[in-house]
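1. test case, fold it:
(chains A and B)
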Amino acid sequence: MPPLFCLHRSIVDEVVYGLAQKRKSIIKRALLLLTIIVLFFLVFAGRVVYVQVGKEVDGQNLEAMAESRWTTSTTLHGQRGTIYDREGSPLAEEVQSYTAFAVLNEDYESYVENPSKTAEELAPLIEKDVSELTNMFRNGIEEGKFQIELGSGSKYLSLSEKEEIDELNLPGIYFRTEPKRYYPNQEFASHVLGYTEHDMSEAKMGLELELDENMSPTDGSLSYQRNRQGTPLWNVNEQLEEPEDGEDVYLTIDSNIQTAIEQAMTKVEEQYDPNKMTAIVANAQTGEILGMGNRPSFNPNEYESITNYTNYAVSDRIEPGSTMKMFTLAAAIEEGVFDGSDTFQSGTYNIGSSTIGDHNNSQGWGEITYDEGLIRSSNVAFAKVALEKLGPERFFKYMNKFGFSERTGIDLPNEANSNLAKPTDLNTAVTGFGQSSAVTPIQLLQAATAVANDGEMMTPYIVDKIYNSKEDQYSYEASPESAGNPISEDTATRAREKLEKVVTSEDGTGQPFQIDGIDVAGKTGTAQISDPNGPGYLSGEDQNIFSFIGMAPVDDPSIIVYVAVDRPNLEDTESGSSPVSQIFNPVMKQSLSYLNLSPNDVEEEEVYEEDGVKAESYVDENLDEAVAHLEDRGLAPLTIGDGSTITDQYPTAGEPLIIGEKVFLLTDGEISMPDMTGWSLRDVKRLSTLLELQLDHLGSGYVTDQSIDSGASVQKGGHLTIELQTAAENNSKTKQEQQESDEQKAEQQRE
Amino acid sequence: MADKKVVTIDDRIPGIKEKRKKRTNRRLITYLSIFFILILVVVYFQSPLSDVRNIQVEGMVHVDADKLVNQSGIEKGVNIWNADLSGAERNVTEMDQIDSVSVDRSLPSTVLIKVNEYNRLAYIEMDSGYSPVLQNGTILRDDVEQELPADAPILRNFSNEDKLEMLTEELTQLGEGVLNRISEIVYAPTDEDEGELRLYMNDGITVSSLINNFASHMSSYPSVAREVDEDADGILHMKMSPYFESTEEEITGEKEENGEEE
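-> As a prediction, the model looks like this:
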């Protein structure tokens, strides 16, 4: 059936053709659509790819923008190091402070509603004028400010000041907290400590400046990511950089001594109004500076009012005057050229065309011994000793040995250097009694340690140790350092003996420095001051620097005190040493009493308290060590057994004990019974508990009889019987016995 | 041919089959382990494994351990998770001598009772023995020690209950260091003062004091006692102002005037 087939085919073809046509157009349309979609897609995809790769839209870095949206970074503040005194009380520390500000915006929950009333109440507390403050509020409100600052008086308030303002319940007054540097003792060793800006951004003076690098903290930071609500997503890429606190500085300053200095100086400043003053207290054996004060001084918490930036003790150079004679004397003794009983003509002394006169208007005291010359502080005597006995070369050699030619190297900033005169004859004679050459007070103090410390001169220091809290160790620890031995021990002792007479002798210039119960050796000084406006010296009774350098106790000095008062206003009848002694005497007294109380004594004190000290465990320890330790603490160790290692003890560790309490130490050797006569019942019971003995006791009071004789060996678990009697019973018994024996004697005699 | 054409999807994609198998296995293991763990839990709770087998007591000095366990109400053989620990704490605290107590499980099978007893201030001498006075002032009249313990002084002659109570009140305030020094306290009323006490101290000093303000009178004992010559016979009066009354003259018969020392 080909035709059919044909037809069939043609129909099919028709249909197929039509279908094909349709299909084609569909495909065409589809392709078109596809192209459009692809194009569309490409454009957007391209944009996406472009953004992905370029990470920039409108010139903005998307990544950075996004990150800043979900990451927050906080600065973690590190603390500046604290400065402590020798006992660990803070002298300079970082504390929280409060700064007040006022919110003016009415939409805020509370705001300044009544400017004039708020100003009236607030002004006195922040050192501001009421009208000025009212104007500040009004202007702020007019300008539509949200909040305003309230001036310098409202900054860095202490907690108590903040609470005072809080109590007013003023609407719209808020506080923000900021760390600030705080000096809890106010005006206290101010030139030593120095100060920093309140916000600690910059250290300005003293040790704060010198040790700024050590004490400065390193701020850390914490960055973390947040979700849409702003809640922190912890642990997701959290980056913590720990802040590092600054190092803590421990000084050798003793607060009790420093307080004594500050009080005495304040008193003298009020009474005499001197140009300047300085005082130094040092440990004579180590060179540790225990206290250092200056006037005029300042309160480092209010450094705006500072007038004097100089730490006179180390940065001021003065002609020391007669205090220098101490060292001329020591040098002459060391060289064997000082004969105290030798005499000389006092009054005046001619060197070339110059004349040296004694301080009583060159009258002198006739022909006197050199010893008396020292006591009366004769210039002629020491000019002669320096020039004739020692000679310029030897004299200046000793000046060098005593450290007067270079800085002491004390760890305080801006130490001044001395200015020794050229070694001519005149200068030798004049320097011999302390004029023409200028030295610093700290140099004088260092030289005096040689006299005080048996010839060994100690370098003064004030920084004891520096503690790094991060590494939990001391990054610096000072130790006493010798600065040479200018004189021998013998010389030092002899010099001190002679210098003691300056204070104790009737004619001594150092009489005002006598302190009851303390043997002081020292040398006064009345130094003329070079006229700043020309050659020569200032004239007038109070146009001098009055000073004293003293040490005590004479036998073995532990403290050296140097005090200098510059141009005090003296009453007509008053001598220049009177303001000096008003500082020296109380300070020396305080210093000695506080130094005698070393930390070791504290525990000893505890055993005198009613709560006593806690017993320690000595089990397994060496007997001798335990006995020594117990005796040190004022307890009475009692050894049972002849071994050397302790196996048990009673009272047990932790029991509170007072002075003289028996502590039984059981050792590992053979045990023998001690003599318990006079023991109390409780002590016997303690012993029998320790030895595991069954105790039977009769009576009350103290042991008179024991069933196991002293020296007999003891078996654990055995029986012990004791008899006790009170003192009264004991007495009557002995009396009775005495009577009986008397009677017996009498009877015998009768027979 | 037809058979060949019907090919399961599993065969065509072998990976899926593997995956399915694995998943079924894993599920089975999970169910099985849950099942066994549950069985183990049941076994643990039903068997003696969860019973209290030990009751340990720590920190007691005077109180008998068995007595404490009895008082606590916890018994061996009780399920450790059923034991009423807080109830036990309450029960034990009811005992006069106990200051504080903590009862804890120490797995697998121990209950740990840690007690903190009141320190003893003194022992009162009675006919039947020595009854302790606790830190809080309580006198344990029923809990008499037959043998004298060494950890506190003895009180003798206290027939007067009021005085005894006053003294125990004072003893609670006295420093423990001084308390440790006292050996005996004898009540010795005189015509002058009803509260007169005679104390025998460990260091051999006989002290006379009063019940009124006993604690404050005795607080300075350590510093006063060291001033007293150990060999001197006499009585140290620790009253308003302490002084030493020497009795040496009585023995030697000499009339010395140096009777008093401060």
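2. need the contact list for the spatially closest residue to residue A:271 that is not a sequence neighbour.
-> Leaving aside its chain neighbours, residue A:271 sits nearest to residue A:579 (7.2 Å; criterion: Cβ to Cβ, 6 or more residues apart in numbering or on different chains). All C-beta spots, glycine's among them, are computed from the backbone N, C-alpha and C. The neighbours of residue A:579, taking Cβ atoms under 8 Å, 6 or more residues apart in numbering or on different chains as the test, are A:268, A:271-272, A:274, A:546, A:565, A:568, A:570.
3. in ChimeraX, select just the buried ones from those residues.
-> Applying 16 or more other Cβ atoms under 10 Å in any protein chain shown to these, the buried members can be selected in ChimeraX as follows:
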select /A:268,272,274,546,565,568,570
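4. is it correct that residue A:150 is in contact with residue A:103?
-> No - contact criterion Cβ atoms under 8 Å: residue A:150 and residue A:103 do not qualify, at 11.4 Å.
5. what residues do these two have in common as contacts?
-> Joint contacts of residue A:150 and residue A:103 (Cβ under 8 Å, 6+ apart) do not exist.
6. ok so, going back, helix, strand, or coil at the residue nearest to residue A:271?
-> Residue A:579 falls in the helix class when you classify it by DSSP: H, G, I helix; E, B strand; the rest coil.
7. ditto for residue A:282
-> Residue A:282 - assigned by three-state DSSP - is strand.
8. contact partners for the residue lying closest to it once chain neighbours are set aside?
-> Among residues not flanking residue A:282 along the chain, residue A:560 sits closest, at 4.9 Å (Cβ to Cβ, 6+ apart). Shown in contact with residue A:560 (Cβ under 8 Å, 6+ apart): A:281-284, A:445, A:448-449, A:452, A:549-551.
9. one more: residue A:571?
-> Contacts of residue A:571 by Cβ under 8 Å, 6+ apart: none found.
10. go again with 10 Å.
-> A:271-272, A:542, A:578 (Cβ atoms under 10 Å, 6 or more residues apart in numbering or on different chains).
11. one more: residue A:380?
-> A:344-349, A:356-358, A:362, A:364-365, A:368, A:373, A:429, A:433.
12. can I have the buried ones of those as a PyMOL selection?
-> The buried subset of the contacts of residue A:380, as determined by 16+ other Cβ under 10 Å, is captured in PyMOL by this line:
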select buried, chain A and resi 344+346+347+349+356+358+364+365+368+373+429+433
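13. hmm, back to that, closest to residue A:708 among the contacts of residue A:560?
-> residue A:283 (55.8 Å; Cβ to Cβ).
14. check contacts around the nearest residue to the closest one once chain neighbours are set aside.
-> Of all residues not flanking residue A:283 in the chain, residue A:290 sits nearest, at 5.9 Å (Cβ to Cβ, 6+ apart). Applying Cβ under 10 Å, 6+ apart, we find residue A:290 in contact with A:85-86, A:251-258, A:261, A:280-283, A:462, A:559-561, A:587, A:591, A:594-595.
15. and residue A:290, what element?
-> strand A:289-295 (DSSP states H and E).
16. cool, and residue A:574?
-> Using DSSP H and E, no helix or strand contains residue A:574.
17. pull up the distance across stretch A:313-320, start to finish.
-> In stretch A:313-320, first residue to last residue: 12 Å (Cα to Cα, to the nearest Å).
18. what about the helices in the stretch 1-150 of chain A?
-> A:2-54, A:62-70, A:115-122, A:130-142 (DSSP state H, counting those that start in this stretch).
19. which residue does the stretch 151-262 of chain B have closest to chain A?
-> Closest to chain A within the stretch 151-262 of chain B is residue B:177: 2.3 Å, counting by Cβ to the nearest Cβ.
20. hang on, that residue in a helix?
-> Yes - checked against three-state DSSP, residue B:177 lies within a helix.
21. quick check: the nearest residue to it once chain neighbours are set aside vs residue A:279, distance?
-> Computed as Cβ to Cβ, 6+ apart, the closest residue to residue B:177 that is not its neighbour in sequence is residue A:612, at 2.3 Å. Note on residue A:612: its distance to residue A:279, by Cβ to Cβ, to the nearest Å, is 41 Å.
22. neighbour-wise, which of those two wins?
-> Set residue A:612 next to residue A:279 and count neighbours by other Cβ atoms under 10 Å in any protein chain shown: residue A:279 wins out with 30 against 26.
23. run through the bridge partners of that one.
-> Beta-bridge pairing for residue A:279 (DSSP bridges): residue A:293, residue A:563.
24. determine which two of the contacts of residue A:380 are furthest apart.
-> Pairwise across the contacts of residue A:380, and taking Cβ to Cβ, the largest span is found between A:365 and A:429, at 19.0 Å.
25. quick check, pLDDT for the closest residue to chain B within chain A.
-> At 2.3 Å from chain B, residue A:612 is the closest residue in chain A, using Cβ to the nearest Cβ. Listed pLDDT for residue A:612 reads 72.
26. and the longest strand along chain A, which residues are buried?
-> The longest strand of chain A (DSSP state E) is strand A:90-103. Across strand A:90-103, burial judged by 16+ other Cβ under 10 Å covers A:90-94, A:97-103.
27. just stretch A:644-662 next, same as before
-> Per 16+ other Cβ under 10 Å, stretch A:644-662 contains these buried residues: A:646-651, A:655-662.
28. how far is the strand holding residue A:290 from where the chain is centred?
-> Computed by Cα atoms, centre = their mean, to the nearest Å, the chain-centroid distance of strand A:289-295 equals 13 Å.
29. can you name the next helix or strand after it?
-> With secondary structure assigned by DSSP H and E, strand A:289-295 is succeeded by helix A:312-315.
30. touching that next one from outside, list them.
-> By Cβ under 10 Å, 6+ apart, the residues outside helix A:312-315 that reach it are A:191-192, A:276-280, A:289, A:292-296, A:309, A:318, A:407-408, A:410, A:412-416, A:440-445, A:460, A:462, A:562, A:564, A:566.
31. before we move on, the earlier item: which one of the contacts of residue A:560 is nearest to residue A:330?
-> Taking the contacts of residue A:560 together and measuring to residue A:330 by Cβ to Cβ, the closest member is residue A:448, at 9.6 Å.
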